[in-house]
Structures are given as structure tokens and as C-alpha cells.
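S.K.: The sequence isn't on hand, but the structure is:
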């Protein structure tokens, strides 16, 4: 299973700690993939995410923007029946999203300087 690059990060992201930012996105990828594998309807999951109270901060606005991309990708995966395989696909997806985020941030930082 290959990594799907979903990030084209804005410069605003670089004002935040990249590890914290990418870890939050990776955590969301776990929640999204688990929901997908449990057969949760994408529209219902999006409604749930939209209903979550968020502190009105620039970081949360940026996270929310990229959250939808992660959810879109997670819900493109097929539902897997075997529990071991579900854990594996969730772990692979989380790792791929964290790696993609970190790579994108490093690439943009290198281009910036």
C-alpha cells in the first residue's frame, strides 16, 4: 500500500511546531480510518467532525482544513473484514499521513530558505 500525498501546506503551518501539527493529523487519520473500517457513513462522520467544538485559533483552522483531505482519502479505502488487517491498514495509513505531512513541511521549509 503506497503513501498518498494529500498535503500542499500553506506557509501559516510553519508558525506551529511541525511535530505537533503532523501528530494531530496522524491522530485524526487513525480515527477516520477506524470509522471507515467500522462502516461508518462518510456524511455522518463529516457531520460528527463539523459538530466538534474547536477553539477559534489559527492552528485549529489549518488542522480543520487538512482534516477533510485525510477523511476523503480514508473513506476511499475498502472495508476490510479481518481484525488483524484492520489494525494493519490503520497503522499503515497513520504512518503514511504523518510521513507525508513531515515530508511536505521539510520540503517547504527547504524551499523557503
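M.R.: Yep, it's here. Note that the structure is a prediction, hence the values are computed from the model and not measured. Residues are numbered from 1 along each chain as shown.
S.K.: could you say what helices and strands the longest helix along the chain packs with?
M.R.: Once the chain is assigned using DSSP state H, the helix that runs over the most residues is helix 83-112. Here helix 83-112 touches helix 18-37, going by 3 or more C-beta pairs under 8 Å, 6 or more residues apart in numbering; DSSP states H and E. Backbone N, C-alpha and C define where each C-beta goes, glycine included.
S.K.: Mind listing residues that contact the helix it packs on?
M.R.: 13, 42, 45, 59, 62-63, 66-67, 70-71, 74-75, 77, 79-80, 86, 89-90, 93-95, 97-98, 101-102, 105-106 (C-beta atoms under 8 Å, 6 or more residues apart in numbering).
S.K.: Next SSE downstream of that helix?
M.R.: helix 42-51 (DSSP states H and E).
S.K.: Residue 94 and residue 74, how far apart?
M.R.: 10 Å (C-beta to C-beta, to the nearest Å).
S.K.: These two - which one has more neighbours?
M.R.: residue 74 (25 against 21; other C-beta atoms under 10 Å).
S.K.: Could you list which residues are in contact with that one?
M.R.: 29, 32, 33, 35, 36, 93.
S.K.: Could you let me know which of those ends up closest to residue 17?
M.R.: residue 29 (18.2 Å; C-beta to C-beta).
S.K.: So what's the residue count around the closest one?
M.R.: Count around residue 29 with other C-beta under 10 Å applied: 25.
S.K.: burial count for residue 71?
M.R.: 21.
S.K.: An error on my part: the question was meant for residue 66.
M.R.: 21.
S.K.: what's the spacing between it and residue 88?
M.R.: Taken as C-beta to C-beta, the span from residue 66 to residue 88 is 24 Å.
S.K.: Kind regards, and thank you for your time.
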